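Student: the sequence and its predicted three-dimensional model are supplied below.
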Amino acid sequence: MRFSLSPRFFGLACVLQLASISTHAQNIIDGRTDSISMRAFGYESVQLFQASEQRRVRLSTLSTVSAIEAVARGEVEIALVARGPHALKQDETTLDFYAVAWEALTLITHPGNPTPSLSLRQIRDIYLGKITRWDQVGGPPRAINLYAVAGPLDGAEYGLRRALFGAGHRPVAASRWYLNTEQLEAAIAIDPSALGVSALSNVFANSKLRAIKVEGVTPLLKTIRSGEYLLTTPLYFVHRGDLIPSDVAMRYVRFLEAPATAAWLKRRKLLPIREARLLNQTFAKREERLLELLKNPPTPMPGEVITTPLAEPAPASTPSPTPGDGA
């Protein structure tokens, strides 16, 4: 497995198989994507690529884990997803994950909710079920309705839980579950008590949602670039390293990493990986520092026991979500 933040997607990889997918002969690349990545850059990249290269790309939207599994099984050549490889998923060890752009994990609520900002510790305690009311964090006097995507290893949920707990699949105290972020966003838009996580590229133009500041910092392209906004994650292009990429796949990869691509990525509030040298170099260390800070909680109240997970726990089952598909 290769996990890279380099803008060069395909280097001197050792080719172990000469197999190809039948769609190559048809001059078509077949792929899968999760909902966040499709809305972030999938739609636009496919349209622009097909217009400039006269080659077809077919992307089907699935859950994050289903998109990755389709590549691992050789059913499709590529996937576009909103999380990196999960250490406990054996089928992901055969894959190469190449970062395309940096995304802001964005805590969203209803526009009628005036809560201005949440600290990382407050967000963690909400997801642990320790904080259950908005007035505990400077908001209105009502309960927090915590919404989450139910699918295992979903992109945005995975990134947030990894940042808060060091384990992307850690169970959380959500009370309302959805199969993808589009459904989650639609539900939050009509609930003044709701809270959930999505991606900045997916919600920045949605007037029915409001982004909550994290540690007083608004999720913006400039605060992603500067490192001031702390909840960031890469979006990835996934490929099997033991297969020769088709000509169409290679053209699509070169298109995604081309300097001309950066302009429309930034219009989507995405920071192109080639323009994020500081973040590329410091992200892993920053993750460690944030977790270290969160390991030292405030002094517990009498009778309260505060625990911090020291290792990735086994995945837990989640309640049945609202009907739908995707991540």
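Tutor: That came through fine.

Student: can we go C-alpha only for contacts and neighbour counts from here?
Tutor: Will do.

Student: give me the element residue 48 is part of.
Tutor: Per DSSP states H and E, residue 48 falls inside helix 43-53.

Student: low-confidence regions, the stretch 201-327 of the chain specifically.
Tutor: 296-327 (pLDDT under 70).

Student: the strands in it, which residues?
Tutor: For the stretch 201-327 of the chain, the strands defined by DSSP state E, counting those that start in this stretch occupy 210-211, 213-214, 232-240, 271-272.

Student: helices or strands next to the longest strand along the chain in the packing?
Tutor: Using DSSP state E, we find that the single longest strand of the chain is strand 95-109. Here strand 95-109 touches strand 2-4, helix 155-165, strand 194-199, helix 200-203, strand 210-211, helix 221-226, strand 232-240, strand 271-272, going by 3 or more CA pairs under 8 Å, 6 or more residues apart in numbering; DSSP states H and E.

Student: related to what we said a few turns ago, now the helix holding residue 48, how far from the chain's geometric center?
Tutor: Centroid separation for helix 43-53 versus its chain: 22 Å, with CA atoms, centre = their mean, to the nearest Å.

Student: which other helices and strands does the following helix or strand past that helix contact?
Tutor: Remark: after helix 43-53, the chain's next helix or strand is strand 56-61, criterion DSSP H and E. Secondary-structure packing of strand 56-61 (3+ CA pairs under 8 Å, 6+ apart): strand 28-33, helix 43-53.

Student: winner for burial among the ones you listed?
Tutor: strand 28-33 (a mean of 24; mean count of other CA atoms under 10 Å).

Student: now do that strand and strand 232-240, the angle between them.
Tutor: Relative orientation of strand 28-33 and strand 232-240, computed by axes from the mean of the first three to the mean of the last three CA atoms, to 10 degrees: 140 degrees.

Student: any idea of the mean pLDDT for the helix or strand just after strand 28-33?
Tutor: Beyond strand 28-33 on the C-terminal side, the first helix or strand identified by DSSP H and E is helix 35-37. Mean pLDDT, helix 35-37: 96.

Student: for residue 35, which of the strands of the stretch 201-327 of the chain is the nearest?
Tutor: The closest of the strands of the stretch 201-327 of the chain to residue 35 is strand 232-240. By CA to CA, the value is 11.7 Å.

Student: sorry, back to before: just tell me which of the strands of the stretch 201-327 of the chain ends up closest to residue 258.
Tutor: Smallest distance to residue 258 across those (CA to CA): 10.0 Å, for strand 271-272.

Student: quick one: contacts of that closest one?
Tutor: For strand 271-272, the surrounding residues in contact (CA atoms under 8 Å, 6 or more residues apart in numbering) are 100, 101, 102, 103, 221, 224, 225, 262, 265, 266.

Student: now those as a markdown table including distance to residue 181 and neighbour count?
Tutor: Putting the contacts of strand 271-272 into a markdown table (distance: CA to CA, whole Å; neighbours: other CA atoms under 10 Å) gives the following:
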| residue | distance to residue 181 | neighbour count |
| --- | --- | --- |
| 100 | 20 | 27 |
| 101 | 19 | 28 |
| 102 | 18 | 26 |
| 103 | 15 | 29 |
| 221 | 21 | 20 |
| 224 | 21 | 23 |
| 225 | 24 | 18 |
| 262 | 25 | 19 |
| 265 | 20 | 21 |
| 266 | 21 | 14 |
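
Student: tell me the one of those nearest residue 179?
Tutor: Using CA to CA, the contacts of strand 271-272 come closest to residue 179 at residue 103, 20.5 Å.

Student: isn't that closest one up against residue 230?
Tutor: No: in this structure, residue 103 is not within contact of residue 230 by CA atoms under 8 Å, at 11.0 Å.

Student: next, the contact list for residue 119, please.
Tutor: Going by CA under 8 Å, 6+ apart, residue 119 touches 214, 215, 216.

Student: ignore what I typed, I meant residue 84.
Tutor: Residue 84 neighbours (CA under 8 Å, 6+ apart): 3, 97, 234, 235, 236.

Student: that's a strand at it, yeah?
Tutor: No: with DSSP: H, G, I helix; E, B strand; the rest coil as the criterion, residue 84 is coil rather than part of a strand.

Student: and it, how close does it get to residue 155?
Tutor: Here the criterion is CA to CA, to the nearest Å. By it, residue 84 lies 8 Å from residue 155.

Student: hey, which helix is longest across this protein?
Tutor: Ranked by residue count under DSSP state H, the longest helix found in the chain is helix 277-294.
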